[in-house]
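Enquirer: Generate a structure from the sequence data that follows.
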Amino acid sequence: MYSGLIRDKAGAQSTCVIGNTRSDLYQEVADRVEQKLTSGKYPPIVSFMDKEGVERTVSTKVEALSMVGNFTRSMTKKNVMTVPYSVSMRGMKMQNWEVMFDMKLQGKSFWEGDEWIVNYLWTTLTHEAIFEIVQGARAGQEYLKEVAGALKDVAKWYTPLYGLPIIQNSYKTETTRIQTIIGTLSIDEYTTEVKRQKQLASIAANYIHSIDATILMYTVEHAKGDIGTIHDCFLVHPNDGDDVVKNYKEGYVEVMRADPLKMFSEELDKEGKVEIPYVGDLNLDDVYDSEYIIS
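Expert: Residues are numbered from 1 along each chain as shown. Next up is the predicted model:
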């Protein structure tokens with residue numbers, strides 16, 4: 001989605017939006033992390049505060065060397081899937097703790113040294129690799145957050161093609177507690193004050209989902225036969241598969257040609273204070289020749 005929005009050709013290639021080969025972004029990220037590990041392009045030391053409140057600085061060499069040759073695509077998957085939706089570094093670390101725990105249960109742990117440092121390197125290098133490969137995702141996120149950060153009210157925009165209103169209801173609440181004979185009842189009521197942190201944290205995910213949903217609507221609207229949808233999957237009769245692919249490509253191109261970010265800017269940044277980060281080298285017509293944009 002970001003690749004189409006800002007015309008990021010390299011990102012489009014890595015995410016199968018264009019091209020006739022099946023790109024594997026998870027493996028690309030894993031390979032980039034491996035390159036960083038083998039070439040020594042990782043933080044050589046890490047500083048942190050221990051449980052006693054003493055600042056410590058330790059080397060990461062043992063942990064980094066133990067990761068060389070062992071970093072796989074499955075270790076990048078959760079981070080790659082959620083970075084476009086503005087997952088925080090803390091969120092990425094929590095995801096990686098889960099993967100490490102599962103690997104230990106399966107007897108697949110390979111790392112040496114301090115597990116905290118392993119997670120730190122894992123998260124830091126994966127984060128760097130993702131944004132080096134899919135640069136459009138970072139540019140798009142930063143743009144959306146900058147526009148949302150300047151708003152005095154909640155973010156509201158309209159989708160391309162169908163003009164559906166999307167309202168990000170990020171108001172603060174006030175809680176009233178009432179004592180009853182069975183316990184305390186809490187009643188939350190919305191105020192008129194915007195919950196800025198929540199607005200910033202969720203704007204990228206909500207915006208991208210609204211674009212994704214618009215393409216889905218186009219695909220369903222133009223279906224010739226029965227069609228069902230589950231999350232990011234389409235359910236159709238086998239003979240209708242090619243039509244779904246054709247409709248999806250048309251929907252993608254139609255939505256991106258409507259210039260959604262320009263619409264977003266005109267609605268929420270009327271003075272144009274935040275520049276839209278167009279890359280400008282993606283030819284949307286190439287989408288029609290993609291073999292694996294939906295497969």
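Enquirer: Could you check how far the most far-flung residue of the chain relative to its centre is from Thr175?
Expert: Ranking residues of the chain by C-alpha distance from their mean position (CA atoms, centre = their mean) puts Ile181 at the top, at 46.6 Å. Going from Ile181 to Thr175 by CB to CB, to the nearest Å gives 20 Å. For every residue, glycine as well, the C-beta is placed using N, CA and C.
Enquirer: returning to what we had before: return the backbone torsion pair for the residue farthest from the centre of the chain.
Expert: Backbone torsions of Ile181, given as degrees, to the nearest 10, read phi -70, psi -20.
Enquirer: Which pLDDT does the model give it?
Expert: Here the pLDDT value assigned to Ile181 is 90.
Enquirer: Domains in the chain, by residue range?
Expert: Domain assignment for the chain, taken from automatic domain parsing, gives 2-140, 152-289.
Enquirer: Quick check: which of those domains is nearest to Glu146?
Expert: Shortest distance between Glu146 and the domains of the chain, using CB to CB, is found for domain 152-289: 4.8 Å.
Enquirer: Over to the closest one now: how far is its first residue from its last?
Expert: Domain 152-289 stretches 43 Å from its first residue to its last (CA to CA, to the nearest Å).
Enquirer: And for stretch 106-123?
Expert: So stretch 106-123: terminal residues 21 Å apart, CA to CA.
Enquirer: Show residues contacting that stretch.
Expert: Stretch 106-123 is contacted from outside by 33, 37, 42-43, 46, 48, 58, 60, 62-67, 70-71, 75, 79, 89, 92-93, 96-97, 100, 103, using CB atoms under 8 Å, 6 or more residues apart in numbering.
Enquirer: Now, of these, which are buried?
Expert: Those of those that meet the buried threshold are 33, 37, 42, 46, 60, 63-64, 66-67, 71, 75, 79, 92-93, 96, 100, by 16 or more other CB atoms under 10 Å.
Enquirer: pLDDT-wise, what's the bottom of those?
Expert: The minimum pLDDT among the buried ones among the contacts of stretch 106-123 falls on Val46, with 90.
Enquirer: Need phi/psi at that residue.
Expert: Main-chain torsions, Val46, degrees, to the nearest 10: phi -140, psi 140.
Enquirer: Might one say that it is in contact with Val58?
Expert: Yes. With contacts counted by CB atoms under 8 Å, Val46 reaches Val58, the gap being 6.2 Å.
Enquirer: How are the strands of this protein distributed by residue range?
Expert: With strands called from DSSP state E, the chain shows them at 45-49, 55-59, 156-158, 165-167, 171-180, 183-194, 227-230, 233-236.
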